[in-house]
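quick one, structure for this:
(one chain, ligands or ions: 1)
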Amino acid sequence: MSGGSAANLAVELAGVRFQNPVWVASGTFGYGDDFQTIFDVSRLGAVVTKTLFLGPRDGNPPPRIAEVGGGMLNSIGLANIGWEAFRERKAPWLRQHLPPAQLVVNVAGNTAEEYREVALRVDAARAEVGAAALELNISCPNVNEGGTNIGCDLRLTREVLREVRAVTSLPLLVKLSPNNADLVPFARLAEEEGADGVSLINTLYGMTVDLHSRRPFLGHGSGGLSGPSLLPVGVFWTYKVHQAVRIPIVGIGGIARAEDALQYLMAGARAVQVGTASFLNPFASLEVIDGIARFLDRHRMDLEELIGVAHERRPQNVPAAAAAV
Ligand code: SIN
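Predicted coordinates for the structure are as follows:
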């Protein structure tokens, strides 16, 4: 329930109960504790951590962020404090203050072995840190290893998934890259290899050129595009992947308002992640929760009735257009 609403927003996904379907996306909410003075993070469906490697990483050279029309570019390069520092310095606060919101630990590595190792460590400490699920980042566009080199290659995606699935029984979500001509084979592969769900989409490759220096503005050259312009892209892939797999979808991309999240839910997502919007409006995720509750009240609907409803009134031309991709 949310702010005076009668709506039940609870949703089950990958065997885990979330009090509502609104999560905050990896890389846009720090490690969860960064927002402690801003609002009560226990109201969220889940916090997804910044991607964690086994050890700390500095990331890419600055500038790492650029505002562009329709959103922003980032090229952070997976800078993070590393798993052990997270476990020691961040997890205790989260353990105390996050429930009933869930903790989803997002991980990556330079190699399949590193993915396996970090997943193994999270699995071993799952009770201590309160990890409800793992989200595997194979789709960062800003690194040479541990990013789109894996998430745009079916063979490497399979290899990483096998390594990780073999060492953890934690619910496993795979975060897919939109920098593929078709996400369906990747979603099918994830399902085949025992993933419990897919999160989609990560950011799209992008670049902005600085007119003064006449060079790419970002220190890394290119970046990943996020923000409002990603909304129709994410909704499209949610709709299409929903037709192709049975595992649940977590919709990401351009969600700033309840109306955006509702599109994802209607297209078939069981949960959504608010990302870039939190930079502009730190309360965006809470507003999305309240807006979904109001919508359900107004239409006297259950959340379950809403999920995937767009497929019941499928326009004639969508399957053909989708099949052409
Ligand atoms: C980054 O750290 O460069 C962004 C993370 C991502 O896109 O997965």
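
state the distance from Asn142 to Pro62.
13 Å (C-beta to C-beta, to the nearest Å). All C-beta atoms are positioned from the backbone trio N, CA, C, and that covers glycine.

for Ala119, same thing?
31 Å.

looking at these two, which is more packed in?
Neighbour count, other C-beta atoms under 10 Å: between Ala119 and Pro62, Ala119 has more, with 25 against 10.

could you check the pLDDT of the more buried one?
You'll see Ala119 listed with a pLDDT of 98.

can the host helix or strand of it be said to contact the ligand?
Under DSSP states H and E, the secondary-structure element containing Ala119 is helix 112-124. No. Applying C-beta under 6 Å from any ligand atom, one finds helix 112-124 out of contact with the ligand, separated by at least 13.7 Å.

which other helices and strands does that helix contact?
Helices and strands touching helix 112-124, by 3 or more C-beta pairs under 8 Å, 6 or more residues apart in numbering; DSSP states H and E, are helix 83-85, strand 102-107, strand 131-137, helix 154-165.

how far off centre is the first one?
Its chain's C-alpha centre lies 21 Å from the corresponding centre of helix 83-85 when counted by C-alpha atoms, centre = their mean, to the nearest Å.

elements contacting it?
By 3+ C-beta pairs under 8 Å, 6+ apart, helix 83-85 packs against helix 112-124.

quick check: next helix or strand after the helix it packs on?
Helix 112-124 is succeeded, C-terminally, by helix 126-129 (DSSP H and E).

for that following helix, buried residues please.
126, 129 (16 or more other C-beta atoms under 10 Å).

what is the mean pLDDT for it?
In this model, helix 126-129 has a mean pLDDT of 98.

likewise for stretch 186-202?
pLDDT averaged over stretch 186-202 gives 98.

ok, stretch 27-45 next?
On average, stretch 27-45 scores 96.

quote the end-to-end distance of it.
17 Å (C-alpha to C-alpha, to the nearest Å).

name the residues that touch it?
Applying C-beta atoms under 8 Å, 6 or more residues apart in numbering, the contact partners of stretch 27-45 are 9, 11, 18-24, 47-51, 74, 76, 81, 86, 90, 93-94, 97-103, 271, 274-276, 278-279, 282-283, 285-286, 289.

sitting in helices, which of those residues do you find?
93-94, 97, 278-279, 285-286, 289 (DSSP state H).

and the helix holding Ala119, C-alpha only, in CSV?
The C-alpha atoms that make up helix 112-124 are tabulated as CSV, following Å, rounded to 0.1, in the frame of the first residue of the first chain:
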residue,chain,number,x,y,z
ALA,A,112,33.9,-15.0,-16.7
GLU,A,113,36.0,-16.2,-13.8
GLU,A,114,35.8,-12.8,-12.1
TYR,A,115,32.0,-12.8,-12.5
ARG,A,116,31.9,-16.2,-10.9
GLU,A,117,34.2,-15.1,-8.0
VAL,A,118,32.2,-12.1,-7.1
ALA,A,119,28.9,-14.0,-7.4
LEU,A,120,30.3,-16.7,-5.1
ARG,A,121,31.3,-14.1,-2.5
VAL,A,122,27.9,-12.4,-2.6
ASP,A,123,26.2,-15.8,-2.3
ALA,A,124,28.3,-16.7,0.7
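
ok, and what's touching it?
With C-beta under 8 Å, 6+ apart, helix 112-124 has contacts from 52-54, 83-84, 87, 105, 107-109, 129, 131, 134, 136, 146, 156, 159-160, 162-164, 166-170.
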